[in-house]
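Novice: here is a sequence together with a model predicted from it:
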Amino acid sequence: MDLSIWLNNISTWYQDRKHDQGDTLKTIIFSAPDSVFGPELSDDQSKAIACWLDGCLRLFQQHRYLNPECAFEFLNYTSSQLERVACDHNTDMAIRDWCMKRLQHMAVLSLEFCNQQEDQQNWLTRAHCLIEGHVKLMEALAWNEPRKHDQVIWH
């Protein structure tokens, strides 16, 4: 699917949305073309990735209280897509940085969600896995560390 068509679809959903249109939103979110996530930064791409993230979070909210397992799956799906983009060295650095910042927020949201669930032992295990995975990703990407000499672009 072309980025402009996808943007038109999500824009139409925003204009027509009702609380019972979760299935329509899910279809739109899962049909997002690769160009939503880069590799080049453009106005349409920037708008598309922001709408995609908003849609994912709306799906999470829709299921948050009635179906926590499904809600958690939406959090994981969203995080995995952001991780994929953040790790893609062919993607524009501004997009990768945007995804890394959103991943930080997703980690906090996921941990808070786990903490609010009733079966604490089960969700505590999931929270520990989230923390370990997030720490490993941050270490692997060294995103918050000072740039190393081999990463500098000399002019």
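Specialist: Received, thanks.

Novice: only C-alpha atoms for contact and neighbour calcs from this point on.
Specialist: Will do.

Novice: okay, now the unreliable bits of this structure?
Specialist: Residue ranges of the chain with pLDDT under 70: 18-20, 143-155.

Novice: ignoring the adjacent residues along the chain, who's closest to the residue nearest in space to the middle of it?
Specialist: The centre of the chain sits closest to residue 78, judged by C-alpha atoms, centre = their mean, with a distance of 3.5 Å. The shortest distance from residue 78 to any non-neighbouring residue, by C-alpha to C-alpha, 6 or more residues apart in numbering, is to residue 56 (6.4 Å).

Novice: same check, this time on residue 82
Specialist: residue 99 (5.3 Å).

Novice: please, where are all the helices along this protein?
Specialist: Per DSSP state H, the chain has helices spanning 3-16, 22-30, 43-63, 68-87, 93-115, 120-141. These are given in chain order.

Novice: distance check, the residue nearest to residue 78 against residue 134.
Specialist: 19 Å (C-alpha to C-alpha, to the nearest Å).

Novice: who's more crowded, the two?
Specialist: Between residue 56 and residue 134, residue 56 has the larger neighbour count (other C-alpha atoms under 10 Å), namely 22 against 17.

Novice: list the contacts for that one?
Specialist: 29, 74, 75, 78 (C-alpha atoms under 8 Å, 6 or more residues apart in numbering).

Novice: out of these, who's nearest residue 141?
Specialist: Nearest to residue 141 among the contacts of residue 56: residue 78, at 18.5 Å, using C-alpha to C-alpha.

Novice: for the closest one, give its distance to residue 54.
Specialist: Going from residue 78 to residue 54 by C-alpha to C-alpha gives 10 Å.

Novice: again with residue 98
Specialist: Counting by C-alpha to C-alpha - residue 98 and residue 54 are separated by 14 Å.
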